[in-house]
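Asker: Based on what follows, work out the 3D shape:
(2 chains)
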Amino acid sequence: MVKKDLSITFLGVKFPNPFCLSSSPVGNDYDMCKKAYDCGWGGIVFKTIGPKSYVINEVSPRFDTLTKEAEPFVGFKNMEQIAEHSLEENLADLARLKKEYPDKVLIASIMGNSEETWEDLARKVTEAGADMIEMNLSCPQMTSHAMGSDVGTNAELCKRYCEAVKRGSKLPMMAKMTPNITDMVPVAKACLEGGADGIAAINTIKSICNIDLDKKIGMPIVNGKSAISGYSGKAVKPVALRFIQQMRTAIPNLEVSGIGGCETWEDAAEFILVGSKTIQVTTAIMQYGYRIVEDLCNGLMHYMEEQHVDHLEQLVGKANKNIIPAEELDRDYIVYPSIDKEKCVGCGRCYISCYDGAHQAMEWDEESRRPSCNHDKCVGCLLCGHVCPVGAISKGEVVFKKTAKPGRKVQDVRL
Amino acid sequence: MSEKYLKEYEAGYTPKLVMEEASRCLLCHDAPCSKACPAGTDPAKFIRSVRFKNFKGAAETVRINNILGAICARVCPTERYCQLGCSRSGIDKPIDIGRIQRYVTDYEDCLKMDILEKKASNGKKVAVVGSGPAGLSIAGLLALEGCSVVVFEKDAKAGGYMRYGMPEYRLPSSVVDKEIKRIQKLGVEIRTSTKVEDLKKLQKEYDAVVLAVGHSKGKMLPMFEGHRFVKTAVDFLHDCKKKKGNVKVPDNVLVIGGGDVAMDVVTTLKLLGVKQVTDVVYETFSEFKASKKELMGAQEQGVSIMDGFVPVSLKGKTVRFTHRFVPSEVKVKADLIILAVGQATEAGAFGLEVNKLQEVEKVEGNLFTCGDIYKGGEKTVVYAVRSAKEVAYKVKKYLGGK
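Answerer: Numbers count the residues shown, from 1 in each chain, chains lettered A, B, ... in the order given. From the prediction side, this is the model:
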């Protein structure tokens, strides 16, 4: 039975493990959060609390999913806005949770619509007992343009609001970024200048998941119409990792809470390796429940054991230096596929993909129904390896291009 | 008592499950399944259509290639054909092609799709004798070519063995009805309860005559002849189907035979509530003729199966068997004995030389044979469809069509 210390300190606050609910429908009230803590979540970002004047009125239905073949959905579209309960109720829930779970981390997500409201909310959640504040500068489905992702793309405004929050509270604070922007770095920098201690990324991506083909309306259909709203789930993980990597490269030692499609301990490890100290989850919980934290924690412990590390800290950002600009990559060699004829079941998918999607290097023996690679044509893209359903194709012989300097060596190649 | 017999044994896929199964398919480059289908139904193509959510396109592929697609989906011994070479077997188990095909044809049915389009009339008249799988298929195929086709059927309903042989739990009559309706919609006229007496006369009245009377007669072994408690499988299954399972059967039945027909008989008996069903089979399990699916179905129902035994004598209602390889004998006493030891054609009744019929598909003049009569090929629906395609081509050429 593996036992590893999963605790980690993020923005000066010690988390029993890095897994948190993200600010969303999964942390809507006291009862839900209590169950999540009991299931083993290390922290909770309570569903975003807004100003008293902003009345939440949700649509029905409000979700949509992107599916592929018979897979459970890979992407999730959500139209829900911020907390629907009254400010008083939310604050009371925060207070009760902190009192009953002093060792767990409680983060208040807030969203104002003016410097005054940001400052006021910061003060109130601090009084309620929150350990940390997350500024929601990024919800893409707000019904007010003074709130949400429209704010998050305006660096100057973000900075001013961060300053306001810092006036209202001395708690550690992270600013939650919108991915609906080309470059997140200027906004992140502005937030840090405004007093943010760390960054949470990413919020959801503006999306249209599906369109009803008969009615010609986006999904979900809300009394005859639909709207663009936030997309999350496994499908957005690559986008999240990219933004985090870019911020960690541009802003040394930036403390990040990673968000975006974490479902398994492997996803979590990836977020950690690109520099996240905590990982926030929603979509996977909506799909499978709070219980997923068991395998997130246990799987991560096993990974730590395999990596011979005793503290998660040792893994944070370990991949950052290995992700470099494309122009700096080694372009001196090609690697040919190696085909395991024993494993091969003869489906010919590598042949089809190589012909139709690559360089016509894979040859097909009609008799034996087995592929072979023509090295004269192969460019070493290894598309074949990605489409093989049985993993029979891996990297094979490495050959240097004529343009390569003599004596070159290749250490590590993997598809 | 007949309730279990009347209910289709295997449930159809739900949309989710059919996608799951289609996603297991490796989408082979030169798919062995499509090469192996005797009728050329092209499972690789229709499974790919399912995989890419084109159910209508999948239905078109099945129907255009196999005029009895919904029936084949249910009764085809796919493990011997399309599923035999399935590349997925290299990973775990073959794709359940029959069941995907059933989903696709059920979909076609639900949407009332009209896929087949016939050519303009070519003024040629064709008579088809027999409305089993071969007769119906070739009638439909020739109607598509623009021929005016009349099918003669001696029984009260069309369908032949599909109607009166295959048990209801495996092939519901409603499915047969729908397939026949599709063929009638192409303009094929089916004259039931019409026995053809004079083949020569038919040959004069029509531009071409196709004899598709199949193997409709159950074989009897000499020692069992003349006993009231002995029946052929063909007669027994016919009776069950006709009476919708409301048949009287004793509590202890012996079945002799180990092909798919024998499996149909023993499973039917169990579904009808017969307590003791004993099946004695000439082949040993390693040489078994019935498909594994049917064998497993029978075993699931609790049939006692003894393999490798040959019947040697009958005394009263007791049959003595000896084993083919082991010095061993067994005596089974039963109140009803059903023989499922093969079938023969009744084509001889037309004054034709059966041996000669087995050799050729074009007999003489404008007379052709189609389906089980021809000795090549297996006695399955899918082979009947294949034969119909081949013979239809020959008839078309004979009639001067392009």
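
Asker: So which bits of stretch B:292-310 are buried?
Answerer: Across stretch B:292-310, burial judged by 16 or more other CB atoms under 10 Å in any protein chain shown covers B:K293, B:E294, B:L295, B:G297, B:A298, B:Q301, B:V303, B:I305, B:D307, B:G308, B:F309. (Each C-beta comes from the backbone N, C-alpha and C, glycine too.)

Asker: which one of those residues is nearest chain A?
Answerer: Proximity of those to chain A (CB to the nearest CB) peaks at B:K293, which lies at 22.6 Å.

Asker: Count the residues that sit near the closest residue to B:G132 other than its chain neighbours.
Answerer: If you skip the residues right next to it in sequence, B:G132 has B:G160 as its closest partner in space, 2.5 Å away by CB to CB, 6 or more residues apart in numbering or on different chains. As a burial measure, B:G160 scores 28 neighbours (other CB atoms under 10 Å in any protein chain shown).

Asker: Also A:S372?
Answerer: Around A:S372 there are 15 other residues, counting by other CB under 10 Å.

Asker: again, but for A:G391
Answerer: The tally of other residues near A:G391 (other CB under 10 Å) stands at 9.

Asker: Name the nearest residue to it, sequence neighbours excluded.
Answerer: Of all residues beyond its chain neighbours, the one nearest A:G391 is A:K343 (6.7 Å), with distances taken as CB to CB, 6+ apart.

Asker: who are the neighbours in contact with that neighbour?
Answerer: A:K343 makes contact with A:V390, A:G391, A:A392, according to CB atoms under 8 Å, 6 or more residues apart in numbering or on different chains.

Asker: you'd agree it is in a helix?
Answerer: No - secondary structure of A:K343 (DSSP: H, G, I helix; E, B strand; the rest coil): coil, not part of a helix.

Asker: any idea how far A:G385 is from it?
Answerer: Note on A:K343: its distance to A:G385, by CB to CB, to the nearest Å, is 12 Å.

Asker: so of the contacts of A:K343, which ones are in strands?
Answerer: Residues of these located in strands (DSSP state E): none.

Asker: Return the member of those nearest to B:V382.
Answerer: Ranking those by separation from B:V382, with CB to CB as the measure, puts A:V390 on top at 29.8 Å.

Asker: I figured that closest one hits A:G346, correct?
Answerer: No - counting by CB atoms under 8 Å, A:V390 stays clear of A:G346, with 10.0 Å between them.

Asker: The residue nearest to B:K195 when sequence neighbours are not counted sits in which helix or strand?
Answerer: The spatially closest residue to B:K195, leaving aside those adjacent along the chain, is B:K154, at 4.3 Å (CB to CB, 6+ apart). According to DSSP states H and E, B:K154 maps onto no helix or strand at all.

Asker: pLDDT at the residue of chain A found nearest chain B, what is it?
Answerer: The nearest approach of chain A to chain B comes at A:G348, 2.6 Å away (CB to the nearest CB). The confidence metric pLDDT takes the value 96 at A:G348.

Asker: ditto for A:S149
Answerer: A:S149 is assigned a predicted lDDT (pLDDT) of 88.

Asker: Check B:A344 too.
Answerer: According to the predicted model, the pLDDT of B:A344 comes to 88.

Asker: bridging residues for it?
Answerer: For B:A344, the beta-bridge partners are B:K217 (DSSP bridges).

Asker: Distance of B:V391 relative to B:K200?
Answerer: The value you get for B:V391 to B:K200, if CB to CB is used, is 20 Å.

Asker: These two: who's more crowded?
Answerer: Counting neighbours by other CB under 10 Å for B:V391 and for B:K200 shows that B:V391 has the greater number, 26 against 12.

Asker: which SSE is the more buried one in?
Answerer: Assigned by DSSP H and E, B:V391 belongs to helix B:381-399.

Asker: Give me the buried positions along that helix.
Answerer: With burial defined by 16+ other CB under 10 Å, the residues of helix B:381-399 counted as buried are B:381-392, B:395-396, B:399.

Asker: Over to stretch A:311-328?
Answerer: Of the residues in stretch A:311-328, those scored as buried under the neighbour-count criterion (16+ other CB under 10 Å) are A:L312, A:L315, A:V316, A:G317, A:A319, A:N320.

Asker: Near chain A, which residues of the stretch 1-150 of chain B are found?
Answerer: Listed as neighbours of chain A in the stretch 1-150 of chain B under the rule CB under 8 Å from any CB of the partner chain: B:16-17, B:19-20, B:22-23, B:26-30, B:32, B:51, B:87-91.

Asker: Secondary structure class of A:V293, three-state.
Answerer: With three-state DSSP as the criterion, A:V293 was assigned helix.

Asker: what's the closest non-adjacent residue to it?
Answerer: Taking CB to CB, 6+ apart as the measure, A:V293 lies nearest to A:G40, with 4.6 Å between them; neighbours along the chain are not counted.

Asker: Could you do B:L269 as well?
Answerer: Looking at B:L269 with CB to CB, 6+ apart, the closest residue is B:V277, at 4.6 Å.

Asker: Relative to B:Y164, how far out is that neighbour?
Answerer: Between B:V277 and B:Y164 the distance, using CB to CB, works out to 21 Å.

Asker: okay, the two: which has more neighbours?
Answerer: B:V277 (27 against 22).

Asker: Next up, the contacts around the more buried one.
Answerer: Here B:V277 is in contact with B:V253, B:V255, B:V266, B:L269, B:K270, B:Q301, B:G302, B:V303, B:S304 (CB under 8 Å, 6+ apart).

Asker: What ranges does the stretch 201-350 of chain B have for its strands?
Answerer: With DSSP state E, counting those that start in this stretch applied, the stretch 201-350 of chain B shows strands at B:208-211, B:217-218, B:230-232, B:252-256, B:276-281, B:304-307, B:309-315, B:318-323, B:329-333, B:336-339, B:343-344, listed in chain order.

Asker: Quick check: which helices or strands does the helix or strand of chain A with the lowest mean pLDDT pack against?
Answerer: Of all helical and strand segments in chain A, the minimum by mean pLDDT, DSSP states H and E falls on helix A:149-152, at a mean of 91. With contacts defined as 3 or more CB pairs under 8 Å, 6 or more residues apart in numbering or on different chains; DSSP states H and E, the secondary structure elements packing on helix A:149-152 are helix A:155-168.

Asker: Contacts for the helix it packs on next, please.
Answerer: Applying CB under 8 Å, 6+ apart, the set of residues contacting helix A:155-168 from outside is A:110, A:112, A:115-116, A:118-123, A:126, A:133, A:135, A:137, A:151-152, A:173, A:175, A:186-187, A:189-191, A:193-196.

Asker: shaky segments in chain B?
Answerer: Filtered on pLDDT under 70, chain B yields the residue ranges B:1, B:359-362, B:375-377, B:401-402.

Asker: Nearest to chain A within it, name that residue for me.
Answerer: When CB to the nearest CB is the measure, chain B has its nearest residue to chain A at B:H29, with 2.6 Å between them.
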